[in-house]
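Trainee: Predicted model follows, preceded by the sequence.
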Amino acid sequence: MMQMDEQSRPELARGVRLRNDPLTGEPVLLFPEGVLPVDETMYAILRRCNGDLTLTSIIRELAEEYDIDPQTVRQDVCECLTQLREQMLIALFK
Amino acid sequence: MKDRPYMLLAELTYGCPLHCPYCSNPVQYPDGRELSTREWGRVFAEASKLGVLHVGFSGGEPLLRPDLPELVAAAHAAGLYTNLITSAVGLRKNRALQMREAGLDSVQISFQSDQEPLANQIAGASAHATKIEAAKMVRELGFPLTVNVVLHRLNIDQLERIISLAEGLEAERLELANAQYYGWAFQNRAALLPTRKQIAWATGIAAEQKKRLLGKMDILFVTPDYYTERPKPCMNGWGRQFMTVNPVGDVLPCPAASAISGVRFDNVRKRPLDWIWDQSESFNRFRGTEWMPAPCRDCSFREVDFGGCRCQAFLITGDASATDPACSLSPHREKLTTFVESIQAVHPAYSSAEQRPLRLSFRQNPTDRKCHTA
């Protein structure tokens, strides 16, 4: 089983769509068995999960854009991606 | 926040090549003609306007509808995520390609067991080998695959092999849904409800395998509420997030709700979907917390489990507004407990398919007087 590390390049898993809810304008994840509301933090992470950016780059970008300490960002990103991987909403590429 | 539906279950037909004894279809089919292609198209457009983001095509067997690719295209054009929930009987490659073309997002295939003889016996049809082939084809075409296995006393002991089957098929998801005991399953519950020991073992296996498969396959294990202390938050609350449109156009807060007598469900042929969602008596009947009796009314869990399942309350107590008897606080809990205790002495092997003919009532298709095809 592939573990998540610095060089992992996360992207939306097969059949998972990131859309805007037309009723609220808020982002949502649509996947085979349901709908998941996406909060601001998750959205900032998810829109960087394009299969190109490595975990390191995602953390660096977020730390710069939001001016937050990279260690804190790392913790948020890993927590979020682990939860999404458990539900097969995110896949990892190397 | 205003209630709005996120998901629509579109039951396209009650016809099905399988006869599973735990089928969620109603035991009494409603009268009427199946909705036409055009009528479904209107339903999807209205649903999307109302806030629906996701549609599940179900049945019966949705593949029995010759117009299924057109229906997928209509839902896709309305901006909905589309999921096909199928037995896979009749899922040939050209059909799957047509649906991919039409915008189908994902496929869920049911399996009855990992072993062909038991699987076919449960399904009441020779379908297992066909399903395996169809699942492989679905993966080749690049669809995400969910494998769904309804668990019960006759197959739950094979859980490890069932998980291997889904893993071998490279499914992203495995839904291990213990049978829900209403409708056909209620009629068969003495033969289907697993023992406490079986459930405890299976719960452990599911958790352990979920961990092992992290990042490869998600496992969803649903414990039967006969063995829980708290009731399930059925449909996440009546008329809060979900709606079902059945083959003849009746709109239901939950697919099993037609079993509740005394509640009349409005039909998409007579009323727009937004009126049914907002205004109809049926959708407002158990919405919110106002309708709740004691002990729900004063319970701190009332916004957590919403009083549980209305269908189960009706089935066990005769009163659809009673607290779900699966709740340990229900004055009717005893009715479930007595039943649960009565089956503990049955050795699982004693009722297994190889050793004993199954005493089950199998799901029947609608007769030609009911639910005419379109």
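Mentor: Everything's here; your move. The structure presented is a predicted model; accordingly, all values stated were derived computationally and were not measured. Residues are numbered from 1 along each chain as shown, chains lettered A, B, ... in the order given.
Trainee: Low-confidence stretches in the chain?
Mentor: Reading this off chain A. Along chain A, the model assigns pLDDT under 70 to residues A:1-2, A:94.
Trainee: meant chain B actually
Mentor: B:1-2, B:346-358, B:368-374.
Trainee: For chain A, what is the nearest residue in it?
Mentor: residue B:144 (3.1 Å; Cβ to the nearest Cβ). The C-beta positions use only the backbone N, C-alpha and C, and glycine is treated the same way.
Trainee: ok, the closest residue to that residue other than its chain neighbours - contacts?
Mentor: Excluding its sequence neighbours, the residue lying closest to residue B:144 (Cβ to Cβ, 6 or more residues apart in numbering or on different chains) is residue A:15, at 3.1 Å. By Cβ atoms under 8 Å, 6 or more residues apart in numbering or on different chains, residue A:15 lies in contact with A:31, A:32, B:105, B:106, B:143, B:144, B:172.
Trainee: possible to save those as CSV with secondary structure and neighbour count?
Mentor: Putting the contacts of residue A:15 into CSV (DSSP: H, G, I helix; E, B strand; the rest coil; neighbours: other Cβ atoms under 10 Å in any protein chain shown) gives the following:
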residue, secondary structure, neighbour count
A:31, strand, 28
A:32, coil, 27
B:105, coil, 25
B:106, strand, 24
B:143, coil, 24
B:144, coil, 22
B:172, coil, 26
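Trainee: Closest one to residue B:261 out of these, please.
Mentor: Residue B:261 lies nearest to residue A:32 out of these, by Cβ to Cβ, at 34.4 Å.
Trainee: Now do the SS call for the closest residue to chain B within chain A.
Mentor: Going by Cβ to the nearest Cβ, chain B is nearest to residue A:15 of chain A, at 3.1 Å. What DSSP: H, G, I helix; E, B strand; the rest coil gives for residue A:15 is coil.
Trainee: how close does it get to residue A:36?
Mentor: Taking Cβ to Cβ, to the nearest Å as the measure, residue A:15 falls 13 Å from residue A:36.
Trainee: Residue B:231 sits in which helix or strand?
Mentor: Per DSSP states H and E: residue B:231 is located in neither a helix nor a strand.
Trainee: What residues does the nearest residue to it once chain neighbours are set aside make contact with?
Mentor: With sequence-adjacent residues excluded and distances taken as Cβ to Cβ, 6+ apart, residue B:231 is closest to residue B:308, at 2.7 Å. Going by Cβ under 8 Å, 6+ apart, residue B:308 touches B:225, B:231, B:232, B:233, B:234, B:323, B:324, B:326, B:327.
Trainee: what would those look like in JSON lines with secondary structure?
Mentor: Below are the contacts of residue B:308 laid out as JSON lines (three-state DSSP):
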{"residue": "B:225", "secondary structure": "helix"}
{"residue": "B:231", "secondary structure": "coil"}
{"residue": "B:232", "secondary structure": "coil"}
{"residue": "B:233", "secondary structure": "coil"}
{"residue": "B:234", "secondary structure": "helix"}
{"residue": "B:323", "secondary structure": "coil"}
{"residue": "B:324", "secondary structure": "coil"}
{"residue": "B:326", "secondary structure": "coil"}
{"residue": "B:327", "secondary structure": "coil"}
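Trainee: Name the residues that touch stretch B:109-116?
Mentor: Contacts for stretch B:109-116 (Cβ under 8 Å, 6+ apart): B:20, B:85-88, B:91, B:118-120, B:122-123, B:127-129, B:131, B:134-135, B:138, B:145-150, B:154-155, B:158, B:161-162, B:164-166.
Trainee: can you count the residues close to residue A:50?
Mentor: When neighbours are counted by other Cβ atoms under 10 Å in any protein chain shown, residue A:50 registers 12.
Trainee: How about it, nearest residue that isn't a chain neighbour?
Mentor: Sequence neighbours aside, residue A:11 is the residue nearest to residue A:50 in space, at 5.9 Å (criterion: Cβ to Cβ, 6+ apart).
Trainee: Downstream of whatever helix or strand that neighbour lives in, the next helix or strand is which one?
Mentor: Using DSSP H and E, the element containing residue A:11 is strand A:9-12. Next helix or strand after strand A:9-12 toward the C-terminus (DSSP H and E): strand A:17-20.
Trainee: what's the offset of that following strand from the middle of its chain?
Mentor: In this view, strand A:17-20 has its centroid 13 Å away from the chain centroid, taken as Cα atoms, centre = their mean, to the nearest Å.
Trainee: ok, and does that strand reach over to chain B?
Mentor: Yes. Residues of strand A:17-20 contacting chain B under Cβ under 8 Å from any Cβ of the partner chain: A:17, A:19.
Trainee: What is that strand packed up against?
Mentor: With contacts taken as 3 or more Cβ pairs under 8 Å, 6 or more residues apart in numbering or on different chains; DSSP states H and E, strand A:17-20 sits against strand A:27-31.
Trainee: quick one: is the strand it packs on near chain B?
Mentor: Yes. Using Cβ under 8 Å from any Cβ, strand A:27-31 reaches chain B at A:28, A:30, A:31.
Trainee: so what's the backbone phi/psi at the residue nearest to residue B:144?
Mentor: Backbone torsions of residue A:15, given as degrees, to the nearest 10, read phi 80, psi 10.
Trainee: partners of residue A:12 in the sheet?
Mentor: On the basis of DSSP bridges, residue A:12 takes part in beta bridges with residue A:90.
Trainee: Number of residues surrounding it?
Mentor: Using other Cβ under 10 Å: residue A:12 sits among 18 other residues.
Trainee: these two touch, right, it and residue A:18?
Mentor: Yes. When contacts are counted by Cβ atoms under 8 Å, residue A:12 is listed as touching residue A:18 (6.3 Å).
Trainee: joint contacts of the two?
Mentor: Counting by Cβ under 8 Å, 6+ apart, the contacts common to residue A:12 and residue A:18 are residue A:46.
Trainee: Next, the buried residues of the longest helix along chain A.
Mentor: When chain A is parsed with DSSP state H, its longest helix is helix A:70-86. Within helix A:70-86, the residues that count as buried by 16 or more other Cβ atoms under 10 Å in any protein chain shown are A:73, A:74, A:76, A:77, A:80, A:81, A:84, A:85, A:86.
Trainee: Considering only those, which also neighbour chain B?
Mentor: A:85, A:86.
Trainee: Kindly present the buried residues of helix A:70-86 as a markdown table, with separate columns for distance to residue B:303.
Mentor: Compiled in a markdown table, the buried residues of helix A:70-86 are given as follows (distance: Cβ to Cβ, whole Å):
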| residue | distance to residue B:303 |
| --- | --- |
| A:73 | 34 |
| A:74 | 35 |
| A:76 | 28 |
| A:77 | 32 |
| A:80 | 26 |
| A:81 | 30 |
| A:84 | 26 |
| A:85 | 30 |
| A:86 | 26 |
